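In: got a predicted model here, sequence first, then my questions.
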Amino acid sequence: MPKVISIHSYRGGTGKSNFTANLAATLALQGSRVAVVDTDVPSPGIHNIFSLEPEITNKTLNTYLWGQCAIEDAAYDVSANVGLVGEGKVFLVPASVKADDIAKILKDGYDVKRLNDGFRRLVKNLELDYLFIDTHPGLSKETFLSIALSHVLILILRPDKQDYQGTAVTVDVARQLKVRKMLLTINKVYSGLNFDILRQKIEETYGVPVAGIFPLSEDVVQLASEGVFCTRFPEHLISQEFRNVAGQIID
């Protein structure tokens, strides 16, 4: 059965889009058909990681939300861009990077029900195994929809007091929305911390399992969002941790 997976963080700067792209690619490397929808319409960016140039994306999530195209027409096959071969596929529905389009979305909003219908249509028409929703940080009615629809919600946080407090709020909201499965991932963890102690502390604090802990990595920083890390460096410890997280989604 296809799974809808929302990737969310309470604050920006957690590495959410990089995480989404790498986890989606990890599942595709295992032969799955995966799509990613960039619902971070005020500040889109995941298209850079998938090497999808805005100049060729004349149809986007925005044009679908305005009733100007079918959502599958805004889904671009980026498998070759990230070096995927074999049966696995990754499709991306990007949000528009045009200033006028962003301003219009922020001013007028959009029909949340239409977004919901689009998710269902993508799963069916692209014959997906997994649909990833890359959300906008913070909490809004659009975020609530994504959380409520999800089979799996992955919350990303850093070992930072503001992240801890914001994640507590998000966990509480997710429980009220009766999310079926919730996981935490801790990102950008500096090497001086004891990962086992950190995992135990986080799990005890939130009552939610920690799916993965990702160290602050110069190798990831050097890539500078110009590609998907786990397809470039499949044997790296970071890539191995993405495979660990993927295994918990598959179960």
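Out: Received, thanks. The shown structure was predicted, so the numbers you read here are calculated from the model rather than taken from an experiment.
In: and the lengthiest strand in the chain, which strands flank it?
Out: In the chain, taking DSSP state E as the definition, the longest strand is strand 182-189. Strand 182-189 has its sheet partners listed here by DSSP bridges as strand 152-157 (parallel), strand 210-215 (parallel).
In: next secondary structure after the first one?
Out: Looking back up the chat, that one is strand 152-157. helix 161-176 (DSSP states H and E).
In: returning to what we had before: of the strands paired with strand 182-189, give the one that comes closest to Q222.
Out: strand 210-215 (14.3 Å; C-beta to C-beta). From N, CA and C alone the C-beta is placed, and that goes for glycine too.
In: circling back: and the angle from the longest strand of the chain to helix 161-176?
Out: 170 degrees (axes from the mean of the first three to the mean of the last three C-alpha atoms, to 10 degrees).
In: save the strands paired with strand 182-189 as CSV, and put in distance to V85, mean pLDDT and mean neighbour count too.
Out: Below are the strands paired with strand 182-189 laid out as CSV (distance: least, C-beta to C-beta, whole Å; pLDDT from 0 to 100; neighbours: other C-beta atoms under 10 Å):
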stretch, distance to V85, mean pLDDT, mean neighbour count
strand 152-157, 26, 96, 25
strand 210-215, 25, 97, 21
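In: export these to CSV and append columns for distance to L128.
Out: Shown next, in CSV, are those (distance: least, C-beta to C-beta, whole Å):
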stretch, distance to L128
strand 152-157, 14
strand 210-215, 21
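In: which one of those strands lies closest to F132?
Out: Among the strands paired with strand 182-189, strand 152-157 sits nearest to F132 (C-beta to C-beta), with 9.4 Å.
In: which one of the strands paired with strand 182-189 lies nearest to V123?
Out: When those are ranked by proximity to V123 (C-beta to C-beta), strand 152-157 comes first, at 14.2 Å.
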